[in-house]
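Q: quick one, fold the following:
(one chain, ligands or ions: 1)
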Amino acid sequence: MKEIKIGLLGLGNIGTGTYKVLEMNRDQIEASVGTKVNIVKILEKYIDRERDIDVPREKFVAKAEDIFDDPEIDIVIELLGGVEPAASLIEQALRSGKHVVTANKAAVAANYHRLMDAAKEGGVQLRFEASVGGGIPVLTALTGCLQANKFTRVLGIVNGTTNYILDKMTTEGLSYDEVLKDAQEKGFAEADPTADVEGIDAANKLSILMALMFDHYVHPDDIPRKGITEITPEDIEEARGNKTLIKLIAYAEKFEDGSIKYEVRPMYIKETHPLGGVHKEYNAVFVEGNAVGNLMFYGPGAGPLPTGSAVMGDVMELAKTML
Ligand code: HSE
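A: Residues are numbered from 1 along each chain as shown. I've put the predicted structure just below:
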């Protein structure tokens with residue numbers, strides 16, 4: 001039986017988490033797929049970085065072509081992050097006839113049609129479940145078992161850093177700066193938190209959600225957005241007085257005339273709304289479909305193992321189509 005061979009671009013936090021998911025659940029993954037599944041080549045600059053996994057040194061390669069030109073490799077996992085060179089490498093892999101799995105919301109959102117066209121022309125699939133909501137199985141659900149619906153609305157808490165900051169400001173009465181500093185010290189927030197706190201990361205995810213739910217692609221730069229940097233403890237208190245919470249929401253709505261409104265900004269959410277129960281760094285995506293009604297997908301939106309779980313899920317779905 002054919003062995004599924006994978007080339008991995010990037011062995012950072014998410015790459016390491018993905019490698020770990022395969023190692024810790026290998027028996028079950030291979031039994032489910034029906035054959036051996038192996039990450040055989042890894043493109044990574046920092047070979048000697050401290051990681052709590054054992055990776056044989058001979059797996060590391062110096063150039064992406066070492067993976068793309070290898071006829072034995074069927075699937076490329078891209079976990080480099082950032083728009084470039086990731087998007088060009090994804091495109092190159094697809095055009096080389098490799099299926100690609102990525103968690104990279106920035107690269108997919110900024111290049112949606114370019115990458116979809118490359119997949120079509122390469123006769124392969126591009127899967128990116130992990131790009132929105134980390135471990136939450138939302139994209140596959142929207143395009144799979146919910147595909148018979150016309151979607152009318154999405155409200156997403158799709159950025160864990162900002163939800164953590166707003167939640168802690170709410171529960172502990174602290175200022176934005178105090179919580180951000182604490183979050184950075186604990187490793188919840190990046191040293192440069194701009195993409196998170198300015199809503200850029202959430203706009204990337206909303207762009208992907210809209211493309212899949214409404215078949216309407218909007219470049220993330222064209223999504224109106226406001227971040228959370230100006231939220232004060234007084235704003236939080238005022239919201240509390242009205243039995244609401246302030247949440248950074250990625251919102252899109254399709255109206256009967258076909259027009260679509262979309263934006264990312266802090267919004268007041270009723271304490272009793274399901275999104276009001278989303279605390280700490282958790283994510284949730286609340287959707288309305290005309291047949292199914294209201295649904296909320298909830299869970300860990302980031303982190304090496306949850307994101308690795310979604311990445312490996314996509315890999316397994318692809319592997320099952322190849323045997
Ligand atoms: N920086 C992102 C977040 C990581 O805080 O949610 C997951 O995309």
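Q: element containing G258?
A: Assessed by DSSP states H and E, G258 sits outside every helix and strand.
Q: how many neighbours does it have?
A: Residues within reach of G258, counting by other Cβ atoms under 10 Å, total 8. The way it works is simple: take the backbone N, C-alpha and C, and place the C-beta from them, glycine included.
Q: mind listing what it touches?
A: Contact analysis of G258 by Cβ atoms under 8 Å, 6 or more residues apart in numbering lists nothing.
Q: and what about P266, helix, strand or coil?
A: What DSSP: H, G, I helix; E, B strand; the rest coil gives for P266 is strand.
Q: is the stretch of helix or strand A202 belongs to anywhere near the ligand?
A: Counting by DSSP H and E, the element that carries A202 is helix 200-214. Yes - Helix 200-214 lies within reach of the ligand by Cβ under 6 Å from any ligand atom, at D201.
Q: quick one: buried residues of the helix or strand just after that helix?
A: Using DSSP H and E, the helix or strand that follows helix 200-214 towards the C-terminus is helix 233-241. Within helix 233-241, the residues that count as buried by 16 or more other Cβ atoms under 10 Å are 235-236, 239.
Q: also stretch 58-75?
A: 59-61, 64, 67-68, 70, 73-75.
Q: alpha carbons of the helix holding A202, as PDB, please.
A: The C-alpha trace of helix 200-214 is given here as PDB (Å, rounded to 0.1, in the frame of the first residue of the first chain):
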ATOM      1  CA  ILE A 200      -5.700  42.600  11.200                       C
ATOM      2  CA  ASP A 201      -5.600  38.900  12.100                       C
ATOM      3  CA  ALA A 202      -9.400  38.900  12.600                       C
ATOM      4  CA  ALA A 203      -9.900  40.600   9.200                       C
ATOM      5  CA  ASN A 204      -7.800  37.800   7.600                       C
ATOM      6  CA  LYS A 205     -10.100  35.200   9.100                       C
ATOM      7  CA  LEU A 206     -13.200  37.200   8.200                       C
ATOM      8  CA  SER A 207     -12.000  37.400   4.600                       C
ATOM      9  CA  ILE A 208     -11.800  33.600   4.500                       C
ATOM     10  CA  LEU A 209     -15.100  33.000   6.200                       C
ATOM     11  CA  MET A 210     -16.900  35.400   3.700                       C
ATOM     12  CA  ALA A 211     -15.300  33.700   0.700                       C
ATOM     13  CA  LEU A 212     -16.600  30.300   1.900                       C
ATOM     14  CA  MET A 213     -19.900  31.300   3.300                       C
ATOM     15  CA  PHE A 214     -21.000  33.900   0.800                       C
END
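Q: for it, name the packing helices and strands.
A: In this structure, helix 200-214 makes packing contacts with helix 105-110, helix 112-122, helix 139-143, strand 151-157, strand 244-254, strand 260-270, judged by 3 or more Cβ pairs under 8 Å, 6 or more residues apart in numbering; DSSP states H and E.
Q: relative to the whole chain's centre, how far out is it?
A: Per Cα atoms, centre = their mean, to the nearest Å, the displacement of helix 200-214 from the mean C-alpha position of its chain is 10 Å.
Q: re the thing from before, please identify the most buried of the helices and strands packed on helix 200-214.
A: Of the helices and strands packed on helix 200-214, the one with the most neighbours on average (mean count of other Cβ atoms under 10 Å) is helix 105-110, at a mean of 25.
Q: can you list contacts of that helix?
A: Under Cβ under 8 Å, 6+ apart, the answer for helix 105-110 is 78, 81-84, 86-87, 90, 102, 115, 126, 128, 131-132, 195, 201, 203-205, 207-208, 219-221.
Q: looking at it now, give me its mean pLDDT.
A: Helix 105-110 carries an average pLDDT of 98.
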